[in-house]
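Peer 1: One predicted model, sequence on top.
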Amino acid sequence: MAQLPVTEEQLIERYGPHLNREPPGGWNAGLDVEREVETHCCFCGQQCGIKLKVADNQVVGFEPWYDFPFNQGKLCPKGVKRYLQGAHPDRLLDPLERDPSAESGFRPIAWDAAIDRVATEIRRIQDAYGPDSFAVLSGVSLTNEKSYLMGKFARLGIGTANLDYNGRLCMVSAGVANKKALGMDRAPNPWSDIPLADVVFVAGANVAECAPITTSYVWRARDRGAKLIVADPRVTPLARTADLYLGLRPGTDSALMGAILHVLVANDWIDHRFVEHHTVDFDAAAAAVAEMTPEWAARLCGVPRDRIVEAARLWGTSDTGMLLHARGIEHHTKGVDNVLSCINLGLATGKYGRPGCGVSTITGQGNGQGGREQGHKCDQLPGNRDITNPEHRAAVAAVWGCDVDEIPGKGLTAQEIVDAIHDGEIKGLLSICFNPLVSLPDTAHTAEALDRLEFFTAIDFFLSETAQHADVVLAGSLQEEDEGTTTSVEGRTIKINAAVDPPGNARRDWEIVVDIADRLGRRHYFDFDSTRQIFDEMKVASHGGTADYNGMTWERIEVEHGIFWPCPEPGHPGTPRLYEGGVFAHPDGRARFHAVPFRESAEVVDDEYPIWLTTGRVVSQYLSGTQTRRIAALVEQYPEPLCEIHPRHAERLGVVTGDLVTVTSRRGSMTLPARVVESIRPDTVFIPYHWAGDRAANQLTNRALDPMSKIPEYKVSAVRVAKAEGHVEIRDKRVTALTDSAAGTDSAAGTESAP
Ligand SMILES: Nc1nc2c(c(=O)[nH]1)N[C@H]1C(S)=C(S)[C@@H](COP(=O)(O)OP(=O)(O)OC[C@H]3O[C@@H](n4cnc5c(=O)[nH]c(N)nc54)[C@H](O)[C@@H]3O)O[C@H]1N2
Ligand SMILES: Nc1nc2c(c(=O)[nH]1)N[C@H]1C(S)=C(S)[C@@H](COP(=O)(O)OP(=O)(O)OC[C@H]3O[C@@H](n4cnc5c(=O)[nH]c(N)nc54)[C@H](O)[C@@H]3O)O[C@H]1N2
Ligand code: SF4
Ligand SMILES: [Mo]
């Protein structure tokens, strides 16, 4: 691998023209700001309120938006730098067509020609190979309106069953488990419940770096005396402050949770009244953990027995408690099982439907919640309806004004779509808001698949690594260039306001999609002239589904600082806390316990690959990095991936911080600098995944999927680690990025604007 950029010169050499930097004169250099737009951050599911400063059709800075209740002005390092994307020199200003003779490999073309080419190729491929041979991949950085549009567009515009979304890599394990156990897929609580909890149990979530604002909710609970339990193979910044740290081996969460349930049963720390009146199948869940003693789990998980018993005691004897989980327990071939094992703990102790109680997934992408309800999943119709259910199909067909049979059936999931491309079954692809070349496991496989496509078009505002494989790239819009709604981690639907218009010849995403539908002769189904019209149809289409938005209006959402769904009728106040009175969303009103036996991960360590690899995030980078790798201040905090490795492991290899190590799995190999830290298990290494090419962690990861949610097992691979030639200086700033500033919430009140 190339030398890590360390000095300013090296950084400029590698990223120079591609990095947006703060101006030399500093912020607030006498700029005439024309207006401030109250909107939300474009990045994670916290969806912090922010005011964007606008001058001359550019977002030039921000102000904290103190009145928005969720974050009250607080922002994390990404939020305060997000505005540097818009005027970036890499921003796509025209549609592009592949042209091997051009230096960049692409040449700009006119919109008419671009849309024509896309529509022609869709029809050519479908005529030759059948309707489902053309697939669509979508994403949940998109608003609710665009998510809804993509679902309808794939089904009625293109007429393919094969549509799925990047939430498949993210929140589907939680989604499946929530629906199975509770009948509905949303965090059961508003975040204002967290400070009311007597115990906060964080499982597989790096809260301080990935849900930074949630940190302050946890701290407010602790100010009241709440106990904090953290289960993570790494001592994350929040874990450093925990009362009880459970440093389990990756892939053993269901054993840990099973043992905790075992101890709850053994000590009768069970809410019998709740179990009897509001749930079914407790006995089956209890039977499944009968053998899961804390001693057994201690050996399997590598967590001291007494800590497991103590976790059960804290959870089982407290009146209120919240369990927060994220991808650490969900990115597994047993992701659904892991979440069910957490929900079992909540149900057994009656921690639902009351203030300060609940088991909640922390959503990931900006619209991670809303985007999983509006019907751009392969098995879903709007309102979180089931595409295989005849009544649900009829309800949506009535809104769409189409024949029920015109709506295709269930299609393949995201990874399965890429596998089908690899196998030559799918020949064409339209992707929006998805960068699978960086984000899917087993990068070599994804790259091979993309090169086998007969036609590929991507809608993006930057030429992402995936878009570089496209035949036509359609220049779409940044979040601040369009309006619409998203639904945050709390289930609160909020309003995104447009600050600026798309620059150059770039266009709003929805306009591009409607144009393609028009060119395919399907305009009658897509008679939209504004985003608001899409919202108005979407909310009607959601009516009667579990995720019911029917009573919302944009005006109400703004005035009320968001509305929690379900909100079925105009005037309905919305539903911040679900399951009040112990009434769950299954037809009989009862929640389901599930028997969760322990299963090993798809790949386990052996003599050849003796170390566990787990992957995830750092505070200053976002997802596949397309956006944050272009913002200088964020790149400087953490420019390249580092391999976190325990001192005992490092000593065996003769490695110190900055030495290069080669990490090899059955899929591939990468060489990167080691960062020796005591905060990780000695049998495990961690690599963040935000980079592409030879810096992509997904060169190593496993394509194995959860049988129910079809999420890839990003959190467990078997690898070997060896010392490589070379050493790089790791700047202090980068190391502290993982410790001090990771708390995120202290970066609150910055006020910036660029000239
Ligand atoms: N800074 C930043 N914030 C983000 C994002 C980002 O890219 N950057 N992305 C957003 C998105 S889309 C998502 S999905 C969320 C993800 O948010 P998180 O899920 O919190 O983040 P991850 O880093 O993927 O993983 C969380 C933790 O899981 C731990 N872990 C690994 N394996 C296991 C295991 O087997 N069991 C347990 N219990 N823990 C394990 C890791 O050590 C890590 O600390 O973050 C959102 N916020
Ligand atoms: N090894 C490993 N891999 C992982 C994970 C992990 O923990 N470990 N985490 C997984 C998770 S949880 C997730 S969510 C995925 C994310 O993986 P992806 O969804 O592939 O990542 P993004 O970076 O969000 O890619 C979105 C693309 O859409 C573009 N985009 C963003 N907003 C918009 C918009 O409004 N309009 C348009 N047209 N384009 C837009 C961006 O420029 C970017 O190119 O990665 C997964 N991959
Ligand atoms: S926590 Fe950070 S990235 Fe997430 S919405 Fe808030 S400011 Fe944006
Ligand atoms: Mo995610």
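Peer 2: Looks like it arrived, so ask away. Residues are numbered from 1 along each chain as shown. Ligands and ions are numbered 1, 2, ... in the order given.

Peer 1: Tell me how many other residues crowd Ala110.
Peer 2: Neighbours of Ala110 under the rule other CB atoms under 10 Å: 12. Yep, even glycine has a C-beta here, placed from its N, CA and C like the rest.

Peer 1: any idea how far it is from ligand 3?
Peer 2: 36 Å (CB to the nearest ligand atom, to the nearest Å).

Peer 1: List the single closest residue to that residue in space, sequence neighbours excluded.
Peer 2: Of all residues not flanking Ala110 in the chain, Pro95 sits nearest, at 7.5 Å (CB to CB, 6 or more residues apart in numbering).

Peer 1: need the contact list for that neighbour.
Peer 2: Counting by CB atoms under 8 Å, 6 or more residues apart in numbering, Pro95 makes contact with 108-111, 113-114, 472-475, 505.

Peer 1: Give me the buried positions along stretch 500-507.
Peer 2: Under the neighbour-count criterion of 16 or more other CB atoms under 10 Å, stretch 500-507 has 500, 502-503, 506-507 buried.

Peer 1: Run through the residues of the stretch 101-250 of the chain sitting next to ligand 2.
Peer 2: The stretch 101-250 of the chain has residues 139, 141-142, 166, 169-170 near ligand 2, with proximity defined as CB under 6 Å from any ligand atom.

Peer 1: Quick check: buried residues in stretch 182-201?
Peer 2: 182-201.

Peer 1: re the thing from before, just the pLDDT for the residue nearest to Ala110.
Peer 2: pLDDT, Pro95: 98.

Peer 1: With Met1 instead?
Peer 2: pLDDT at Met1 comes out at 38.

Peer 1: same check, this time on Ile730
Peer 2: With respect to pLDDT, Ile730 has a value of 86.

Peer 1: distance of the most centrally placed residue in the chain from ligand 1?
Peer 2: Note on the chain: the residue nearest the mean C-alpha position is Gly364, at 3.1 Å, using CA atoms, centre = their mean. For Gly364, the distance to ligand 1 (CB to the nearest ligand atom) stands at 2 Å.

Peer 1: Would you agree Ala221 is in contact with Asp193?
Peer 2: No - between Ala221 and Asp193 there is no contact under CB atoms under 8 Å: 9.5 Å.

Peer 1: any common contacting residues for these two?
Peer 2: Met322.

Peer 1: Residue in the stretch 451-600 of the chain with the shortest distance to ligand 3?
Peer 2: Ligand 3 sits closest to Ser488 of the stretch 451-600 of the chain, with a gap of 8.5 Å, by CB to the nearest ligand atom.

Peer 1: Quick check: closest non-adjacent residue to that residue.
Peer 2: That would be Gln47: by CB to CB, 6+ apart, it lies 3.8 Å from Ser488.

Peer 1: Kindly confirm my reading that that neighbour is in a helix.
Peer 2: No - counting by DSSP: H, G, I helix; E, B strand; the rest coil, Gln47 falls outside a helix, being coil.

Peer 1: Just the pLDDT at it, thanks.
Peer 2: pLDDT, Gln47: 98.

Peer 1: Now do the contacts for it.
Peer 2: 40-41, 70, 366-367, 486, 488-489, 492, 494.

Peer 1: Quick check: phi and psi at the spatially closest residue to the residue nearest to the centre of the chain that is not a sequence neighbour.
Peer 2: Spatially, and ignoring its direct neighbours in sequence, Gly364 is nearest to Cys170 (4.5 Å; CB to CB, 6+ apart). For Cys170, the backbone dihedrals are phi -130, psi -70 (criterion: degrees, to the nearest 10).
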